[in-house]
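Asker: mind looking at a prediction? Sequence and model below.
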Amino acid sequence: MRIGVDYYPEHWDKSLWRADADLMKETGVKVVRMSEFAWCRLEPQEGVFDFTWLDEIIEIFEERGIDIVLCTPTNCPPLWFYEKYPDAVQTERDGRKTATGIRGHRCLNSPEFLNYSDRIVDKMTKRYAAHKSVIAWQIDNELEANFCFCETCVGKYRSWLKDKYGTLERLNKAYGNDVWSGEYSSWEQIKPPYGHYPQAWLNPSFMLDFNRYASDGMIAYVDRQAEIIRKNCPGVEITTNVWFCENMPNFYKSFSNLDFVSYDNYPTTRIPDNAEECYSHAFHLDLMRGVKRQSFWIMEQLSGGLGCWAPMARTTTPGMIQGYSLQAFAHGADTVVHFRWRTAVSGAEMHWHGLIDHSNVPGRRFAEFAKLCKTAETLQAVQNTELKSDIAILYSPENEYAFKIQPQTNGMYYLEQIMLLHSAFTKYGLNVDIIGQHEDISDYKIVVAPEMYVTESGVAERLYSFTEQGGTVVLTNRSGVKNEYNTCIMEQLPTVYRKLIGAYVEEYNPIGYDSGMLRFADGSTFRCRQWCDVMAVETAEPVACYDSDFYKGKAAITKNRYGAGTAYYIGTVGEKSLYYKLIKEILLEKEIPFVDGLPDNVEITTRTGEDMTVRFIFNNTDKEQSIQLEGKAISLLPFEMKIER
Ligand code: GLA
Ligand code: ZN
């Protein structure tokens with residue numbers, strides 16, 4: 001298990017470099033990441049390259065046995081480039097050019113940008129190909145599926161549509177463009193969503209394709225860089241760092257040609273009042289592990305209080321630096337790189353705190369980081385273990401786009417139910433895989449498929465055969481609503497899943513911020529919210545019925561035997577305790593061992609190796625909590641943990 005730091009030699013006087021590297025070595029830092037924003041120092045004038053400073057710092061790290069991740073610096077082309085090619089600046093929705101002087105403002109389709117980007121990537125990767133210490137390349141930085149509205153990009157978008165549909169007739173039909181006289185009679189009439197009116201006014205079919213295109217466009221750029229790197233540095237691993245941004249790319253596609261996933265992880269420094277929200281860190285980490293279904297890196301990890309475009313937030317309190325990094329290991333990361341070694345003294349992010357403060361005096365946070373480095377060394381044995389899970393939750397970027405395009409009702413968003421279901425399994429101390437909808441699910445015992453809104457080809461079929469062969473599937477409301485073009489399927493909901501769940505939606509009530517009640521057969525009642533599917537059972541049996549509103553007594557949750565397996569359908573959104581109850585019943589039914597009575601916000605994950613099982617027990621709160629586990633264990637951690645036998 002490896003700890004690293006993000007380092008910006010270009011921000012610091014050279015006189016600091018050796019002392020920094022010495023301290024890193026002494027502290028136990030194993031890897032540094034550099035250069036993602038350093039283009040103007042690598043090519044200070046057009047065609048004039050200066051790698052000498054990077055050579056020097058690389059040598060300093062090499063001498064100390066510290067490995068290096070180099071980044072292609074393409075996030076920020078130098079200003080001389082924009083001066084010469086003003087068209088290469090990204091164009092915004094309203095037709096204006098993005099202000100330069102920030103970052104990430106290049107048009108990824110500009111032929112000039114691509115030429116210059118190819119050239120710097122090529123030069124850099126050739127130069128460092130022979131360095132064994134350069135163990136990986138990071139492409140650009142936090143690329144997003146943003147859309148540039150320049151003519152070149154609009155043209156690309158039209159070509160993407162042409163490739164997909166071939167003829168306007170097919171496209172018009174797929175989108176149902178007869179509504180509001182929206183039929184295209186020439187490709188030039190296809191315009192991206194200019195203007196600032198709500199997205200929901202636009203045709204959702206058009207918008208979903210637009211999101212898909214934006215993602216594909218970003219991925220084409222990633223692949224283009226990856227090809228150059230691979231050619232020049234065969235065998236060296238390639239990644240790009242991602243986060244949960246507004247315009248997310250399709251992670252499954254964006255990493256398909258890369259070697260590992262890396263994620264920028266900034267968990268909260270303020271324990272929320274509703275502390276169960278804390279399970280969301282676990283959720284994001286599980287989702288990242290599931291992208292390639294293998295171990296991953298944290299390329300930027302929280303180190304201090306955040307603040308730059310927002311006012312400064314609370315600092316990392318004692319335990320957070322160690323805790324959050326170990327939590328990442330617990331969920332499948334094998335390398336955690338802290339952002340950043342030292343807080344910047346200039347630039348927009350001078351208040352985004354690193355491990356060392358402006359004073360350059362290593363303080364409390366640094367001392368904790370040093371302990372973390374030592375702890376990670378004691379966990380070497382964990383390296384060869386993996387997280388195995390009986391439970392998979394399906395996630396789909398397409399559904400996420402479609403829910404953002406058309407919010408279903410007040411307060412409802414795609415990730416919420418997924419997170420609720422994830423936290424129910426987390427609450428029982430279980431590993432949970434979050435995987436893409438197109439993955440093989442045959443080895444799982446339970447597959448949770450929330451809000452299968454846009455019907456992607458092959459997915460329903462896989463869920464049918466999984467259930468038929470004995471699996472348990474959990475589906476929820478808003479499933480089978482749309483076809484792949486994001487138009488409504490003209491069948492009783494949940495359309496393609498109706499046979500599987502043995503029930504259908506008679507009618508639905510989007511109750512938004514209001515709430516209702518439902519009652520289980522054992523008399524227990526729970527609050528339901530946002531959405532109520534009023535279910536008519538066919539082969540299914542009701543598990544819980546509504547206890548309020550005009551559909552009182554009608555099924556809200558159903559259970560159906562299908563083949564050798566079982567399909568549950570949750571037609572509403574419940575409070576957390578509802579999921580705890582239901583999931584517990586399912587776990588008992590499937591005879592999956594779990595930990596009952598785990599205190600709120602404590603998680604347990606298990607990494608298994610050939611000859612050892614490692615359990616990570618993580619307390620998300622700032623209060624002492626105790627749990628009882630069966631069996632014997634030894635503590636792998638060098639610090640105090642009370643173990644009572
Ligand atoms: C992101 C970026 C970093 C930095 C941090 C903190 O994760 O990748 O360059 O901006 O946020 O702001
Ligand atoms: Zn553009």
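Answerer: Structure received. This one's a predicted model, so the numbers in the text were calculated from it and none came from an experiment. Ligands and ions are numbered 1, 2, ... in the order given.
Asker: tell me the helix or strand right after the lengthiest helix in the chain.
Answerer: Scanning the chain for the helix with the most residues, using DSSP state H, yields helix 204-232. Scanning forward in sequence from helix 204-232 by DSSP states H and E, the next helix or strand is strand 237-239.
Asker: how far does that following strand sit from the chain's center?
Answerer: Centroid separation for strand 237-239 versus its chain: 18 Å, with Cα atoms, centre = their mean, to the nearest Å.
Asker: show me what it is packed against.
Answerer: strand 134-138, helix 204-232 (3 or more Cβ pairs under 8 Å, 6 or more residues apart in numbering; DSSP states H and E). C-beta coordinates here come from the backbone N, C-alpha and C atoms, glycine included.
Asker: roughly how far is the strand ranked longest in the chain from the heart of the chain?
Answerer: The longest strand of the chain (DSSP state E) is strand 503-520. Relative to the chain's own centre, strand 503-520 is displaced by 30 Å; criterion: Cα atoms, centre = their mean.
Asker: adjacent strands (with direction) for it?
Answerer: strand 525-537 (antiparallel), strand 541-546 (antiparallel) (DSSP bridges).
Asker: quick check on the residue in the stretch 51-200 of the chain that ligand 1 sits nearest to: phi, psi?
Answerer: Taking Cβ to the nearest ligand atom, ligand 1 has its nearest neighbour within the stretch 51-200 of the chain at residue 142, 4.4 Å off. The phi/psi pair for residue 142 (degrees, to the nearest 10) reads phi 40, psi 60.
Asker: hmm, it is touching residue 246, no?
Answerer: No. Residue 142 is not in contact with residue 246 according to Cβ atoms under 8 Å; the separation is 11.9 Å.
Asker: for those two, indicate the residue with more neighbours.
Answerer: residue 142 (16 against 8; other Cβ atoms under 10 Å).
Asker: contact partners for the more buried one?
Answerer: Listed by Cβ atoms under 8 Å, 6 or more residues apart in numbering, the contact partners of residue 142 are 75, 104, 241-243, 245, 264.
Asker: go again using 10 Å as the cut-off
Answerer: Shown in contact with residue 142 (Cβ atoms under 10 Å, 6 or more residues apart in numbering): 36, 75, 103-104, 240-243, 245, 264, 299-300.
Asker: run the angle between the longest helix of the chain and strand 134-138 for me.
Answerer: Angle of helix 204-232 versus strand 134-138, following axes from the mean of the first three to the mean of the last three Cα atoms, to 10 degrees, is 160 degrees.
Asker: is there any residue in helix 204-232 that contacts ligand 2?
Answerer: No. Using Cβ under 5 Å from the ion, helix 204-232 stays clear of ligand 2, coming no nearer than 9.1 Å.
Asker: tell me the buried residues in that helix?
Answerer: 204-219, 221-222, 225-226, 228-230, 232 (16 or more other Cβ atoms under 10 Å).
Asker: what's the spacing between that helix and its chain's center?
Answerer: Distance, centroid of helix 204-232 to centroid of chain: 17 Å (Cα atoms, centre = their mean).
Asker: cool, and stretch 42-51?
Answerer: With Cα atoms, centre = their mean, you get 35 Å for stretch 42-51.
Asker: first to last residue in that stretch, what's the distance?
Answerer: Counting by Cα to Cα, to the nearest Å, you get 6 Å between the two ends of stretch 42-51.
Asker: repeat that for stretch 618-628.
Answerer: 14 Å.
Asker: which residues are contacting it?
Answerer: So stretch 618-628 is in contact with 267-268, 271-272, 275-282, 317-320, 323-324, 326-327, 329-331, 426, 429, 595, 597-605, 617, 642, 644, going by Cβ under 10 Å, 6+ apart.
Asker: and those residues, which of them are buried?
Answerer: Here, 16+ other Cβ under 10 Å leaves 267-268, 271, 276, 278-282, 320, 323-324, 326-327, 329-331, 426, 429, 595, 598, 601-605, 617 buried among these.
Asker: which element is the closest residue to ligand 2 within the stretch 151-300 of the chain on?
Answerer: Ligand 2 sits closest to residue 153 of the stretch 151-300 of the chain, with a gap of 3.4 Å, by Cβ to the ion. Assessed by DSSP H and E, residue 153 sits inside helix 151-165.
Asker: ok, residues contacting that helix?
Answerer: With Cβ under 10 Å, 6+ apart, helix 151-165 has contacts from 87-88, 90-91, 107-111, 113, 147-150, 168, 170-175, 184, 187-192, 194, 206, 209-210, 212-214, 216-217, 220, 485.
Asker: quick check: mean pLDDT of that helix?
Answerer: Confidence over helix 151-165 (mean pLDDT, whole number) is 97.
Asker: again, but for stretch 592-606
Answerer: For stretch 592-606, the per-residue pLDDT averages 93.
Asker: how long is that stretch end to end?
Answerer: Note: stretch 592-606 ends 14 Å apart using Cα to Cα.
Asker: distance between that stretch and the chain's centre?
Answerer: On Cα atoms, centre = their mean, the centre of stretch 592-606 falls 23 Å from that of its chain.
Asker: that older thread, quick one: which of the contacts of residue 142 sit in helices?
Answerer: Per DSSP H, the contacts of residue 142 never map to helices.
Asker: show me what contacts residue 584?
Answerer: By Cβ under 10 Å, 6+ apart, the neighbours of residue 584 are 424, 427-428, 594, 596.
Asker: what comes up buried for stretch 338-352?
Answerer: 338-344, 349, 351-352.
Asker: that one and ligand 1 in contact?
Answerer: Yes. Part of stretch 338-352 sits near ligand 1 under the criterion Cβ under 6 Å from any ligand atom, namely 339, 349, 352.
Asker: residue 450 contacts residue 437, correct?
Answerer: No. Counting by Cβ atoms under 10 Å, residue 437 is not a contact partner of residue 450; they are 11.0 Å apart.
Asker: these two: which has the busier surroundings?
Answerer: residue 450 (27 against 21).
Asker: for whatever residue of the stretch 351-500 of the chain ends up closest to ligand 1, what are its contacts?
Answerer: Distances between the stretch 351-500 of the chain and ligand 1 by Cβ to the nearest ligand atom are smallest at residue 352, namely 4.5 Å. Contacts for residue 352 (Cβ under 10 Å, 6+ apart) come out as 266, 303-310, 312-313, 339-340, 343-344.
Asker: now it: which helix or strand?
Answerer: Applying DSSP H and E, one finds residue 352 in no helix or strand.
Asker: circling back to that earlier point, so which of the strands paired with strand 503-520 comes closest to ligand 2?
Answerer: strand 525-537 (38.1 Å).
Asker: may I see the buried residues of that closest one?
Answerer: 526, 528-535, 537.
Asker: kindly export that strand (C-alpha atoms) in CSV.
Answerer: C-alpha atoms of strand 525-537 as CSV (Å, rounded to 0.1, in the frame of the first residue of the first chain):
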residue,chain,number,x,y,z
THR,A,525,-44.8,1.2,9.0
PHE,A,526,-42.4,3.4,7.1
ARG,A,527,-42.6,6.8,5.5
CYS,A,528,-42.4,6.9,1.7
ARG,A,529,-41.6,9.9,-0.4
GLN,A,530,-41.0,11.4,-3.8
TRP,A,531,-42.8,8.7,-5.9
CYS,A,532,-45.5,6.1,-5.5
ASP,A,533,-46.0,3.4,-8.1
VAL,A,534,-49.4,1.8,-7.4
MET,A,535,-48.8,-1.8,-8.1
ALA,A,536,-51.1,-4.5,-9.5
VAL,A,537,-49.7,-7.9,-8.7
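Asker: now that strand: average pLDDT?
Answerer: pLDDT averaged over strand 525-537 gives 98.
Asker: output the below-cut-off pLDDT ranges for the stretch 201-350 of the chain.
Answerer: 275-276 (pLDDT under 70).
Asker: ok and the residue in it nearest ligand 1?
Answerer: residue 264 (4.0 Å).
Asker: for the residue of the stretch 351-500 of the chain closest to ligand 1, report the pLDDT, please.
Answerer: As predicted, residue 352 sits at a pLDDT of 96.
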